[in-house]
Structures are given as structure tokens and as C-alpha cells.
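In: Quick check, what structure comes out for this input:
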Amino acid sequence: MRWDVFAWAAFALLLFAAEAMAPGAFMLWLGFAAAAVLLGVLLVPDIPLLVQAAAFVALSFVSIQVYRRWFRSSERPSDQPALNRRTAALVGRVVPLERAIVDGRGRVQIADAYWEVTGPELPAGTHVRITGGDAMTLQVEPAPHTGA
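Out: Below is the predicted model of the structure:
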């Protein structure tokens, strides 16, 4: 067996194994490029090593662009877009003020976490609606009264 055929086969398998160990779709496309070079050296013997390496680099760029254009852009949107953005996930909730808003700053408790809030001056216990957030600070406004 020729050394270049063996080397490209081993390299392609190594890239596919790396993708299996740490999925992210990047090594997969490099593996496809290595497999294409493998087919090239099988079909056309005596291709110089420099040409083989250049073909691998060129095919790697092409395969990654194919992935980025046609496969990555067609990923399904998440059914929970605010999953890792806690402040965005809290927008719309109505909670009571744990500490009054004085000079534009107060505090609410949501589950077992305390959040700093900004908004108009309001006494403790007032129900507020969360309208936005930035890092660990929530913006609030008075919640409309629901008569009971």
C-alpha cells in the first residue's frame, strides 16, 4: 500500500473521530476534505505531496464555506430563545417589590434569587412588571391593578 493513501485515510479517520469526540461540525468538514484528497490520490497516483497538501487546504476552505452557507444557516430556531438569557426570560413577569425603589433603585425576589431593579419611585410590596434587563439589573414599571 502506498504511504500517501494510508496517510490520507488515517488523517480523514482521525478528523472524523475528533468530530465524534467533540461535536461542533468543524472537524467533520475537514474530514470530508481529507477524504476527497484520499480519493484523488487513489485515482491519480504520483500526485506530488505539495499538490496534495494544497488540495486539502483548498477543499477545507470550500467544505467549510458549504457548511456555513447551506447547513448552518438552515438550523432550526430555538423553541426557547431566552434559555441562556435570564433577564430576557423574566420580561413580562409581575412580582412584588422586596425593597422600595428609592432614587431609581430597588430590589425584587424571584424564586430564591434577589434582583436589583430600576424604575420609578415605588413603595415595598408594590407589584411591578419586568419590562427589560441588563446583566443583573431589571427594569420595571408598576403593574396594572387587577381588581378582585
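In: quick one, strands of this protein?
Out: 94-102, 105-110, 113-118, 127-134, 137-142 (DSSP state E).
In: Redo those strands as TSV? Include mean pLDDT, mean neighbour count and distance to Trp70.
Out: Quick note: C-beta positions are derived from backbone N, CA and C, even for glycine. Written out in TSV, the entries for the strands of the chain read as follows (pLDDT from 0 to 100; neighbours: other Cβ atoms under 10 Å; distance: least, Cβ to Cβ, whole Å):
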stretch	mean pLDDT	mean neighbour count	distance to Trp70
strand 94-102	94	16	44
strand 105-110	93	17	42
strand 113-118	92	16	42
strand 127-134	91	17	36
strand 137-142	93	18	40
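In: and of these, who's closest to Ser60?
Out: strand 127-134 (40.3 Å; Cβ to Cβ).
In: Pull the distance from that closest one to the chain's centre.
Out: 25 Å (Cα atoms, centre = their mean, to the nearest Å).
In: and what of stretch 55-64?
Out: Remark: stretch 55-64 is offset 24 Å from the chain centroid, using Cα atoms, centre = their mean.
In: average model confidence for it?
Out: For stretch 55-64, mean pLDDT is 93.
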